[in-house]
Structure formats: structure tokens, C-alpha cells
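Chemist: Below: sequence and its predicted model.
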Number of protein chains: 2
Amino acid sequence: MTGERIHLYDTTLRDGAQTQDVDFSVADKIAIARDLDRLGIDYVEGGWPGANPTDDQFFAEAPDLARSTFTAFGMTRRPGRSTANDPQLAALIQSKARAVCIVGKTWDFHVDVALAIPREENIELIADSIAALKAAKGEALFDAEHFFDGYKRNPAYTASCIKAAYEAGARWVVLCDTNGGTLPHEIDAIVRQVIDEHGIPGDRLGIHCHNDTENAVANSLAAVRAGVRMVQGTINGLGERCGNANLVSLIPSLMLKMGYDVGIKPADLPLLTEISRKFDERLNRAPNRHAPYVGASAFAHKGGLHVSAVEKDPSSYEHVEPEAVGNRRQIVMSDQAGRANVIARLREMGMAVDPKDERLNRLLDVVKQRDTEGYAYDTAEASFELLVRRELGEVPDYFTLKRFHVTDERRYNAKGELVVESEAVVRVKIGGKEYHEVASGNGPVNALDTAMRKALEPLYPLLDGVKLSDYRVRILAAKDGTGAMPRVLIRSRNGDGQEWSTLGVSTNIIEASMEALVDSYTFKLFKGGATPRS
Amino acid sequence: MTGERIHLYDTTLRDGAQTQDVDFSVADKIAIARDLDRLGIDYVEGGWPGANPTDDQFFAEAPDLARSTFTAFGMTRRPGRSTANDPQLAALIQSKARAVCIVGKTWDFHVDVALAIPREENIELIADSIAALKAAKGEALFDAEHFFDGYKRNPAYTASCIKAAYEAGARWVVLCDTNGGTLPHEIDAIVRQVIDEHGIPGDRLGIHCHNDTENAVANSLAAVRAGVRMVQGTINGLGERCGNANLVSLIPSLMLKMGYDVGIKPADLPLLTEISRKFDERLNRAPNRHAPYVGASAFAHKGGLHVSAVEKDPSSYEHVEPEAVGNRRQIVMSDQAGRANVIARLREMGMAVDPKDERLNRLLDVVKQRDTEGYAYDTAEASFELLVRRELGEVPDYFTLKRFHVTDERRYNAKGELVVESEAVVRVKIGGKEYHEVASGNGPVNALDTAMRKALEPLYPLLDGVKLSDYRVRILAAKDGTGAMPRVLIRSRNGDGQEWSTLGVSTNIIEASMEALVDSYTFKLFKGGATPRS
């Protein structure tokens, strides 16, 4: 238990964004950066200003981070240009980032083949670029691309590249296992040589690993034990090919098992499970239930003798306390886990609950039933709150949807153009009266939303300015062969930026969407203290 | 490169079967055991005879394995019984297994609390049981439960437990990290102590790791480097909580990178990808595309400049040859799509292209244009191929969708129940004739799919048996304030397990879904060599 400081550097928004099928919007990037900041990650790498419109816009808006250093990524200057005349470096300097990390080549083969310049010149590119960025921004970092592959073949040349960055003032020289093929014992030996033989101190060295041999986490830990003091990785190990080193697995091992100070307060460590799962939802994929530390099954115990032993002394069957990382023990077929969870969630909603309150049992039954039906309330806090408050009889009857009817039609219009139109008709009862409205829209959900608002807004002006900010569909695996179940997650946003999520599950996607819409309106009305019309 | 022999022990059918929601049938077990035998795994642990009917039947039928030693699992004799009078040991002896592995307690705490017998007596259980099994079966193995947790707290006692097994003649004493919390450097130090201080030679030691810190593979490798000569694990890391050590990742690292002889012929190593993917199919889950060595993305390359370098010399961007493990290189389309990407993808599709072909420029423009419209071809290889082949005029006119009309209605049925129904009407031109069909379904997409098939299948029986296996929707951020764009990704599956992905983008989700459906049918017809009807 050393207490020594290890710095964490998140590259989810840059290297993680290289992953197939991952396409972050600016809004995604802002939300993820805020989560990393909330957790207390030292560096948040936002992307590559100048490389694409999303990153340009993100760096122009530059999220206001309290604890994390917002960092831009780029590369060494182009051969044949001075640093002052390199537009790419200029974009980095002009960005709102507080630090800049640039990648440069350190494997002679890539200098010869990809850059096709003399090897000496590559060293100049590195030194010049780091010096210029340090002078302009105060903090420059160097990602040594293909460091381990290069070092294995030509240690002298590769070492001279990273020494150039170090001597030019790079805050961190990051040793990258770009192709991901290096094994832990090799990482250990090479890092020790860098420190002992090439004279770069560990508190100026970082590590960047990929998971191509399933050793990205172990390689990062091996580098730390060999002396590096900065670790790069991504949330949930996102990254191209087999992914980057998984910060979500690394952080608890570094803090709880190795006793390092990674800049995260122990009281904030429980955010890890929430941040990990929210991230997968944002990517519209199911969280991995077998994920170390944060997976739903990470602390699962099967029934029988084992469970009674676990209850006697959990530490004899669990390597860390699940609560330390925000996870929880899962005892299959045990009411206890569910009950504690529901009580905890109610407390989170600001409801004081007596654990002996008998209504709690009924509520627990309802939640369990919903869970088997496919309602995953983890990410739909508004629908969960409504479920609870409806069970407790607290939610007034603002309106009742009696019927709806939607038509989507592809046809030729009067000008002979092929058009697709959706039209929705709704019948809503508000107070004693029925309202019958029709609207068209970009697709059936938009048409339904518009028709519902036509009925609701005149009576409930609170709903003015509420917008759908996200809509996601995932098909739940069919449990009994009767057909797949769409689960719809809708995120709504207020004029003032407040957001909430609701969900719907049904065999019919339109019905599931409508359920999520109805919850969205109801939640807004309930939280806004609307008076039901009579 | 040592050439030394490391023995592999697969416990997929026993410890892997502990995983939540995994339930192997006897037929599954037989098929999996045959695959492991075909690959050349030394030991195949089949389960626990006497513990449940499936395992009883499996051991009664005992698959005929050519290379693997079929092994039964059990536990030390009960306290207070002789080995001759223990029905559980009797079942092991009577089974058709050629070797038997038994688990025993080695952590003093568990002896005190779970067994509740004197610690000396536990040592006797171990020694007696191993001796009896060795005498009866010729080969006995010992799994030292909670070995590392026990050793950290009471090394003398834990060591005396494993020495008892060793001295009683256990072929392998397997050091188990049962709770999965031990880190690689601890494994290394403790294994070295077992060999150096407690005198058990490495060629009588095995390792059994769990993935609770994402280090199961690294822990296994650390133990091998410290001297153990047998490794236990499972296919794809199956196992309770976070899984067991993943043999699929371990095997190529041991063979290709560390130079060990693991009993698998290099010519058989390419079976690995097939066996890994078939295994997931058997579990009815999508193979992990990011899996080390065998995942579909494990050798994926993204980005223009990078791809041209890969084509020059793949070894500079790939840590092993994909073909060595039965995998293949994949060139990914993306917004960074350069000319080299497109050429590489065309080659993958089996199209020889002259890089100077002027049609290539037009194609590149089309791909870029589609990309800005929101078409992400990364994961929709079938839509990409159709895009290309349509541009080149290669795709026949199988059918034309003229119009469609979908209705979703929530209403009260004749019994007074609230029901939601979707109904689709399509007008499709096939050859010179128009077909007008109607169908209902679970939601609008299902209804459209069913109606389309009513029109298409009679003329194109190739489409029989094609199923939608996944449907995902993501809303693309509005680029110009005109409204959000749904992007629909559909995965289709053939009767023979072949899968392909198609996509659609439109302001209207139904139109986007229809586009993805039309691509799915067309791709199947095109690849199946269907003759267009006239």
C-alpha cells in the first residue's frame, strides 16, 4: 500500500471513438466528459480539433470541467514545415484545451515506410513539436506510437525518439503498445530499461495498452509496478479491434488492491458502476453483465450452501466489497438484494421509507414482475419514479389515452414525387372531456407526439418547450419463442436543460413508444406540480 | 522460445456450466467435447458424475475422444467416512472418465467455517481421496480451492494441504484463485514460493484463474512463467461472475508468442476462430466481435492513411497473422474512408480493381455523400456491397417497391380488451406484374416484412428461412435543424447461420426500416444468384 500518485488519462472520446460502429455526437462527448470529470479522472482527451466537424464543434464549445484537464490530441508537425507554419499544430494551440497530447512515430520501420523521411528528421519533428506546444499551452504530452514494437527491434533509435520528447519538456512520455501484441513480462522488462538505462524517470512516463492478447489491464498494471506514473485507457475498454485498457477495471485494482492514489476520492469510487452502465446505454448496447467489478453478475452468488456461507462472511467469497465500486451483491432467488436495492432507490428519490412498511413488499413484487417483462429501470429513472409513486397512489390522473391510430404511407404526391408521410390520430380524455386530435410528422412517433401535444398543451402549458432529445430501440431476446420485444428508451429535455428518461416495453414498437411518451409527459406534469384538469 | 510442454485443461463443461443462464444439454456437451478433442486440448473435464441427471447421462455415454483425456470432477471424501464408503467417490471411480479431478479446501477459514472439522482432518481427507482415486483410476488431480486467498493469510497451512495432495500422488496440484481477486504479481510471487520453498515441482503444478479483476489470462501466463506446467480455463472465458481464464486467448499467446508446446499442432490452431464462434452460436448469443485473436474486429483496420500502410506491410500493424488463428483481416469503412479503404474493401468482396479506374472516384464520392447523410457502413457490410455493386450496375432489378401503407392502431377489441395492431399493405412490382399484399404483425416493421415476403417468397423461394435477428434504431443528431434522422440497422440470418447487416436512414423511421429490409432481401437474392423474374 504505497499511497503514491498514479495519474489517469481517459481517451474514450478519441482512441475509443475509433471503434467500429461508435459515432459520438457533440452532446455525447459533453455528457461523457462531464461524467469523467465528476469521477475525478486527471485528463480527459476530447478528440482531434481540426480533424472533423464533430471535434471542431466540441472543442469550440469546450465543456467546463472542474477537476479534469481537458486535453486535445494531434500529431507531430509535418515534415518540411516549421511548427509555426503547421495548420494542424495551430488548431491544437488555438483550441480551448488546457493540455495537448501529440502522437509521433518511434518505430524506425514506420519512419522509413509511412513517413519516408530520414530517421534523424523524425526526432526533430518530435522535439520541435513538443517544445512549441509546451511554450504555447504550458503542458504537452507525447504518445510514442508503436513504442514496444519499435523498441524490441531497434532499442537505441526508439529510445532516442522518446528522449527527444522528454528533453523538449513533455510532461508525460506515453509508451504505446499500439498493435496490442506485447505481453506483461515484456512490458515490465522494457519499462525498467527505459527508466534505468535511458534515464527517463517514472513520474514522466505513461502507458497506453490495447487488448489484442486480453492483457491490456495486466500490461498497464505491469508498467505501473515497473515505475510509470500515468495510465491511459477508456471507459469499459472501448477501442478499435479488441479495445483499449479498461479504466473501469484498472481503477479499483489500483485503489483498493495496490493502494495507489489515482486522484479519485474513495467516496466517489461507487460512481464507477453507474458511469460504466450509462456509457453502454449511450452506445445503445447492453452492459456486459460479466464485466469485472461493475457487471451485474460480478458479485453474483448461486443459491444453497455457498449463499449461507456468503451471508456469514461475504469477504470469504468476494475479493472486494461490491458497494465500494457502486455495485451490489446478487443472490439468486433472494428477496434481500431486491429489497435493499428498492429502498436505496427510494432514498435516492428523496422518499424516506420504513423498511418494515408493508407497501414495500407489494412494490418489490411489481418491480420484479416488470423486470421479468424486460423493463430495465437502471437508465429510466423517471419511469421508475412514476412506477413507485403510482403504486403509492401519489400520481394524479392528468389524462387518459383512450385510442390512437397511426398511418405511415409511401406514395406519389401531386407533383409525382415519392413521399413518406406519417399521420397520427389520438383520443385523449382530460378531466371529463374527450379530445380528438390529428397531426402528421417525421415518422409515427413524431406524429403521435405532435398529436398528443395538440391535446395536452392547451390545458397543460407546462409541456411547452419539452422536446424529445433521444430515442433508442433495442430488441430484447425472445424468452419463449413468441417473438422479440422492442424496448424503447426516450430522453426528454426541458427548455431549461433538465433531462429525464422514460421507457416502454411491448411486443409492438409503437405501443412501447407511446408508453414512454406518456411517462415523459406525466413525469413533467408531476414534477412541475401541475393541477389535474377536471 | 522454449518449446517446453504446457498442458491444457478445459473446464467449460463443469466450471463454465456454473454461469448464469447457461444450461448445456447432453448433446451440447458431446459436441463441445468433440471440438476440444479435435483442437487437441489435453484434458476435457466433462462435469460431476452423480451430481445431476445431465452429467450422469453424459458420463454414461462418454464421448469417444481421440486426443483428450476425458476427466470427471468431484470433491474430497466426506468427513467421517472412509474413501471406500463414500458414494460420491464411488461414482467418480465407476465413471468412464480416464482421470479424476477433485476439489478440496486449502483456506483454513473455510475448513473452520464451511467444513467445521479440525484442520488436520482436512489434510487427511485430501491425502486419502487422492490416493484412493489414483489407485483406482491411474490418474488423479487436485484442485486447491481458495489457494491464493488461503496462502496469503496462512501460508504454512495452505502449503501443507497441497503437499498432502502432491505426496499422495496427484498428477497435478492445481492452484485455484477461486474468488478471482489475486493480481499477476501476487500469482508470480506465490507460485515461485510453492516451487522453491515448498518443494512442489512446476511440472506437477497447474493454475486455475477467474476474471474478477480482468486479469485471468495474465494471471495464468504469470503462473506459467513462474513455473507451472498446466493451465485450466474455458472456451471464450465462460464462467460464473466474470468468467474463467479464456483458453481462446491463452492458446495463441502461449504458442505463437511464448513458444510453448501446448499439445496443439500449429496446423490445427486455425480451428480456434471457428470453435470460439460455434460455441457462442450454441449458447445462442452473438460472438464478441472484439474478442482477442478470434473476434470479427480483432484484425479490423480503420482510417485511410493507416490502411494504405497496412496493405504495404500488414506485419507492421498486426501483432500476429490473422490466418494463424483462423481469423481474417477486415478493412472498415468509415467517415475517414480513403481511397485505399475502398479498394481494400472491394478486394475483400472479391472484386479486382485497378486503382486508376475512374469509376473509383465516383464510388468514393458516393460513399462520402452517403456518410454525411448518416449512412455508417462500418457495421452494414451487406448494404455497402450493394451500394458498390449498384453503382457498377451489377445488381439486377429483382423487384421494385412501389407503395406501402402501414397502420398501427390501439383500440378495444370485441371482448373489450385494449389491443394494438399493426397492418401493412405493400405494392411491389416484380417482373412486369404488380403484387398487392397485406399482412399484420407485431409492430409496423414486422407487418411490412411479412407483407413483403408474401409478395416475394412465391417468386423467390431463396428468401424462405431468412429471419430478422436484430433491429436497432439510433437517432442521428439533426445536422441542420430540420429534425432528427433515425438510422435503422437490421441483422438478418439464414437457415444455415450465415448473417448479414443492412441499414437505412431517413427522416421517417418506417422508411428507414423499409430501406434496410429491401437491402436485406436484395443481398440474399444477389448472393444466392437468384434469377430476376420477368
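Modeler: Arrived safely, thanks for sending. Residues are numbered from 1 along each chain as shown, chains lettered A, B, ... in the order given.
Chemist: Tell me the buried residues in stretch A:147-163?
Modeler: Of the residues in stretch A:147-163, A:147-151, A:154, A:157-163 count as buried by neighbour count, 16 or more other C-beta atoms under 10 Å in any protein chain shown. The way it works is simple: take the backbone N, C-alpha and C, and place the C-beta from them, glycine included.
Chemist: Apart from its chain neighbours, what residue comes closest to A:D470?
Modeler: Once flanking residues are discounted, A:D470 sits nearest to A:R491: 3.9 Å by C-beta to C-beta, 6 or more residues apart in numbering or on different chains.
Chemist: A:L517 too?
Modeler: Nearest non-adjacent residue to A:L517 (C-beta to C-beta, 6+ apart): A:D449, at 5.8 Å.
Chemist: didn't A:F148 look like it was pressed against A:L175?
Modeler: Yes - judged on C-beta atoms under 8 Å, A:F148 makes contact with A:L175 at a distance of 6.9 Å.
Chemist: Find residues that contact each of the two.
Modeler: A:I190 (C-beta atoms under 8 Å, 6 or more residues apart in numbering or on different chains).
Chemist: Run through chain A and note the low-pLDDT ranges.
Modeler: Within chain A, the set of residues satisfying pLDDT under 70 comprises A:1-2, A:302-312, A:331-341, A:344, A:372, A:378, A:476-484.
Chemist: Could you chop it up by domain?
Modeler: According to automatic domain parsing, chain A comprises the domains A:7-264, A:354-394+A:464-534, A:399-459.
Chemist: With B:D108 as the reference, name the closest of these.
Modeler: Of all the domains of chain A, domain A:7-264 sits nearest to B:D108, with 21.8 Å by C-beta to C-beta.
Chemist: that older thread, with the buried residues of stretch A:147-163 in mind, which one is nearest to chain B?
Modeler: Comparing the buried residues of stretch A:147-163 against chain B with C-beta to the nearest C-beta places A:D149 closest, at 7.8 Å.
Chemist: For the helix or strand where the closest one lies, which outside residues touch it?
Modeler: In the assignment (DSSP states H and E), A:D149 maps to helix A:147-153. The contact list for helix A:147-153, computed with C-beta under 8 Å, 6+ apart, reads A:106-110, A:157-159, A:161-162, A:175-179, A:181-182, A:186-187, A:190, B:316.
Chemist: thought A:N236 was touching A:D280?
Modeler: Yes - using C-beta under 8 Å, A:N236 is in contact with A:D280, at 6.6 Å.
Chemist: The two: which is more packed in?
Modeler: When A:N236 and A:D280 are compared for neighbours, A:N236 comes out ahead with 25 against 17, by other C-beta atoms under 10 Å in any protein chain shown.
Chemist: Wasn't that one part of a helix?
Modeler: Yes - judged by DSSP: H, G, I helix; E, B strand; the rest coil, A:N236 forms part of a helix.
Chemist: What strands flank the helix or strand that contains A:L468, and is each parallel or antiparallel?
Modeler: Assessed by DSSP H and E, A:L468 sits inside strand A:467-476. Partners of strand A:467-476 in the sheet, by DSSP bridges, are strand A:485-493 (antiparallel), strand B:467-476 (antiparallel).
Chemist: can you list contacts of the first one?
Modeler: Defining contact as C-beta under 8 Å, 6+ apart, one finds that strand A:485-493 is touched by A:281, A:374-376, A:379-380, A:466-476, A:478, A:499-509, A:512-513, A:515-517, A:520, A:523-524, B:443, B:471.
Chemist: Just the buried ones from those residues, in PyMOL syntax?
Modeler: Here is the PyMOL command that selects the buried residues among the contacts of strand A:485-493 (16+ other C-beta under 10 Å):
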select buried, (chain A and resi 281+374+375+376+379+380+466+468+469+470+471+472+473+474+475+500+501+502+503+504+505+506+507+508+509+512+513+515+516+517+520+523+524) or (chain B and resi 443+471)
